[in-house]
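Enquirer: Here is my input, please return the structure:
(chains A and B)
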Amino acid sequence: MSAPTATESAGRATPSLWRRLPSSPVAMVGLGIVLFWIVLALAAPLLPLAAPNAQDYMAMGHPGSSARHWLGVDPLGRDLLSRIIWGGRTVLAVAPLAVIVAYTVGCAMGLLAGYYRGWVDAAISRAADVILSFPVVVLYVILIANIGPSALNIVVAVVLASAPGIARIVRGLVLSLMHQEFVAAAYLRRESDVFVMLVELLPNCRGPLITDFCLRLGYTTITIGTLGFLGLGLPPPNPDWGGMVKQATSMITVFPHMSLYPTLALVSLILGFNLLADGITELSQAD
Amino acid sequence: MIRYILRRAVEMLLTLLVASFLVFVVTEFSPGNVARKTLGAFALQSQVDLLYEKLHLNDPLMVRYVRWLGVLTGTVADPLQDPALKLDFKDPRGDRYFGNFGYSTMYKAPVNDVLWDRLGNTALLAGLAFAVIVPLSLVLGVLAGMNAGSVLDRALSTVSIVMTSIPEFALGVLLVAIFVVWLHILPGTSPLDSHSGWSIAQQLVLPVAVLAIYDAGYVARMVRTSMAEVMAKPYVRTAVLKGLPRHRVILRHALRNALIAPFTVILLQINWLIGGVVVTELVFAYPGFGRMLLDASLFGDVSLIEAATLIALFVATSTQLLSDVGYRVLDPQARR
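Expert: Here you go, the predicted structure:
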C-alpha cells in the first residue's frame, strides 16, 4: 500500500517535527484516526469479513444491523461493514498516490519556474493560471466525464487540478530562497542546475509543503468521495465510499443507515488528515 | 488603475479563450459525438454517418473549434439549424447572432433557452448562501481573533476544522438524516415547485445550509487569523497603551486593517461556491446550473458544456479581478 509513504516522507524530511508530534494533542488525534483506517485497510484480507461484492438476498428483507451483518447491508444486499473497510483500501491507496504524483509534477514546475524565471516562468505560470481559474469541481466533472471514471483517471484529474497550485507555492518559496547564501555557495562550487534545485532548494521548501501535503490529502479524499457521489468515481461494483452514498441516498428516508455509515467513514478520515495538518501547522509555527 | 483593470480584462478574455479551447479538446477529441447525440441512440449508423458528413465533423479539431467560435460570435450560422438537415432545430433568435451558444443535443433546444432559467435558480441559491456566509464568518472570525486563545477562539477553530472536513454531499446526507428523516420538519428535495406541499422557502433551507456551513467555517478561520495578526501589531498596542477604550481600538484601528485580507478570501469563495453548487444541486434535485453542467457532461452535450463552463469561468475570473482591484483600493501598500 502506498498509504504509509505520506507519513514516512514527512517524517524523513523533518525528524525533529516528527519527534515533537506527540506534544500536539490535535495532531495525535488526527494521526490516530488515519492510522486506524490504514490498519483496517491493510488488515482487510485477514479479517473475517463477507466478500465486499457478495449479495445476501436473505438479508435484503431486513437490511438493518444484525448478527451476520453488523452495520447491515446496502440496497443490493451487500455487507456494509465489509464494503466500508474494502472501500477504505481504495481511498487510502488512491488519495496518497494522487497527491504524491501531483507533488512530483507541481514541484518540478515550481522549481523550473522559480529557478529559470524568464519565459519558462511565464509559460508555466500562465498555464497554471488558466487551470486555477476553473472552479475545481467543474474541471473534475468535465475531465472524468470524458476520459471515463477509473482509479487511474481520478489520479490524472487530481494531478492536473492540484499540480498548478503546488507549483505556485514552490515557485514563491524558490524565489525567496534564490538570494540566500547557500545558493550562492552552490554556484561558487559550480554545482549543476539540477543539483541546486533538488539538493539546495527543494529541501528548504519543506516546511510549508508538509502542511500543504496533509491538507491536500484531506482535500483529495473529499474529491474522491465527491466524484464517487457524482457517479464519476470507481466503476461499480468496486466498493467506493462516495459511490455507496450515491446508491443509497434514494432510500435515505427508509434506510438511513445505508448512506450514513459510509458518510461517517469518509468524514472521519478527512477529519483525521485535517487535524494532522492543523497540528503540524501549529508545531511548525511554534519554531 | 484604469490601465491595470484593462490589462487584467484582456488577460481574463485570453483565459476564457484558452479554457474554452481546452474544454473543446477534451469533449470533442473524438468527433461524431454531436451527430450521434443529436439523432439519439436509436438512429441507424448510416443516418449518423450522413449527419456527420453534412456537419463536416471530420474537419480537424482546430477548424471545428474556430467554427464553434464563429457561431458564438455570430459570424457563422449554426450548422445544426440548417433547414436542409430537416432536424427541425429552430432558435427564435435566428441562426446567427452574438452570444449564440448553439443547440443543446440533450434538451433538443437552443442553449440560450435552457441556460438562463437554471442560472437564475443557482444565483438565488448561491446568493442566499453568500448572504449567510459573509456576516456569520465575519462576526465569528472577528470575535475569535479579538481574543486569541479564548474559549470562543478554541471552539471556533475546532468547529471550523470539523466543518471543512465534511464534503458538501456528506453534509447534505447528514442534514437530510436529521431534519427530514428524523424530525420531519424540512423537505429532502428542492424542485422549486409547490406540488410537494412544501413552500419554496422551506425547500431552500437545506441547500443553502449545506453551502453556507461548508464555506463559513473556512472564511471564519481566515478572518480570525487576520484579526489575530492585526491585534498583535505595534499600532494596536500603541492605541491600547494610549488609553483608548477597547471598543474604539477594535473598531477604529484593528478592524479596518484586519478585513483587507479576508475581503479577497471572501470573493474567492465564489469560485468554490460554483463547485459546491454542482454537488448540492445533485443532492437536493435542485433545478440549477450545476446539475445541468453535470448532466451535460455525462451526456456529452458539447454546446451546453461549453456554455456552462464559459459562464462558470467568467464568474470565477471576474470575481478574482474584482477582488484584486478591491484589494488595491483598500490597501494603500499594494498600490505602490
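Enquirer: Output the longest helix belonging to the chain.
Expert: No chain specified, so I'll use chain A. In chain A, taking DSSP state H as the definition, the longest helix is helix A:80-116.
Enquirer: wait, I meant chain B there
Expert: The longest helix of chain B (DSSP H) is helix B:111-146.
Enquirer: any idea of the mean pLDDT for the helix or strand containing A:Ala123?
Expert: Taking DSSP states H and E as the criterion, A:Ala123 maps to helix A:118-133. Across helix A:118-133, pLDDT averages out at 90.
Enquirer: ok, now stretch B:264-284?
Expert: What stretch B:264-284 shows for mean pLDDT is 86.
Enquirer: quick one: B:Leu313 and A:Ile131 touch, right?
Expert: No. Judged on Cβ atoms under 8 Å, B:Leu313 makes no contact with A:Ile131 at a distance of 11.2 Å. The way it works is simple: take the backbone N, C-alpha and C, and place the C-beta from them, glycine included.
Enquirer: Once you drop chain neighbours, what's closest to the residue in the stretch 151-300 of chain B that chain A sits nearest to?
Expert: The nearest approach of the stretch 151-300 of chain B to chain A comes at B:Gly275, 3.2 Å away (Cβ to the nearest Cβ). Excluding the flanking residues, the one nearest B:Gly275 by Cβ to Cβ, 6 or more residues apart in numbering or on different chains is A:Val137, at 3.2 Å.
Enquirer: likewise B:Val132?
Expert: Closest residue to B:Val132 apart from its sequence neighbours, by Cβ to Cβ, 6+ apart: B:Ala212 at 4.1 Å.
Enquirer: Near the residue lying closest to B:Pro167 once chain neighbours are set aside, how many other residues are there?
Expert: With sequence-adjacent residues excluded and distances taken as Cβ to Cβ, 6+ apart, B:Pro167 is closest to A:Ile222, at 4.4 Å. For A:Ile222, the neighbour count with other Cβ atoms under 10 Å in any protein chain shown is 25.
Enquirer: Chain B contacts on the stretch 51-200 of chain A?
Expert: Applying Cβ under 8 Å from any Cβ of the partner chain, we find that the stretch 51-200 of chain A lies next to chain B at A:129-130, A:133-138, A:141-143, A:145-147.
Enquirer: Low-confidence ranges, chain A, go.
Expert: Applying pLDDT under 70 to chain A flags residues A:1-16, A:286-287.
Enquirer: again, but for chain B
Expert: Scanning chain B for pLDDT under 70 picks out the ranges B:29-33, B:334-336.
Enquirer: domain assignment for it?
Expert: Following automatic domain parsing, one finds the domains of chain B at B:2-109, B:113-335.
Enquirer: Please look at B:Tyr218 and B:Thr164 and confirm they touch.
Expert: Yes. Applying Cβ under 8 Å as the test, B:Tyr218 and B:Thr164 come out as touching, 5.2 Å apart.
Enquirer: Going by secondary structure, the residue in chain A positioned nearest to chain B is in what exactly?
Expert: Nearest residue of chain A to chain B (Cβ to the nearest Cβ) works out as A:Val137 at 3.2 Å. Take DSSP H and E as the rule and A:Val137 turns out to sit in helix A:136-147.
Enquirer: OK, contacts around B:Thr27?
Expert: By Cβ atoms under 8 Å, 6 or more residues apart in numbering or on different chains, the contact set of B:Thr27 is A:Ile142, A:Asn146, B:Asn33, B:Gly300, B:Val302, B:Ile305, B:Glu306.
Enquirer: same thing but at 7 Å, please
Expert: By Cβ atoms under 7 Å, 6 or more residues apart in numbering or on different chains, B:Thr27 lies in contact with A:Ile142, A:Asn146, B:Gly300, B:Val302, B:Ile305.
Enquirer: That one: what's its closest spatial neighbour, skipping adjacent residues?
Expert: Nearest non-adjacent residue to B:Thr27, counting by Cβ to Cβ, 6+ apart: B:Val302, 5.0 Å away.
Enquirer: I'd say the one you found and B:Val23 touch.
Expert: No. With contact defined as Cβ atoms under 7 Å, B:Val302 does not count as touching B:Val23 (8.6 Å).
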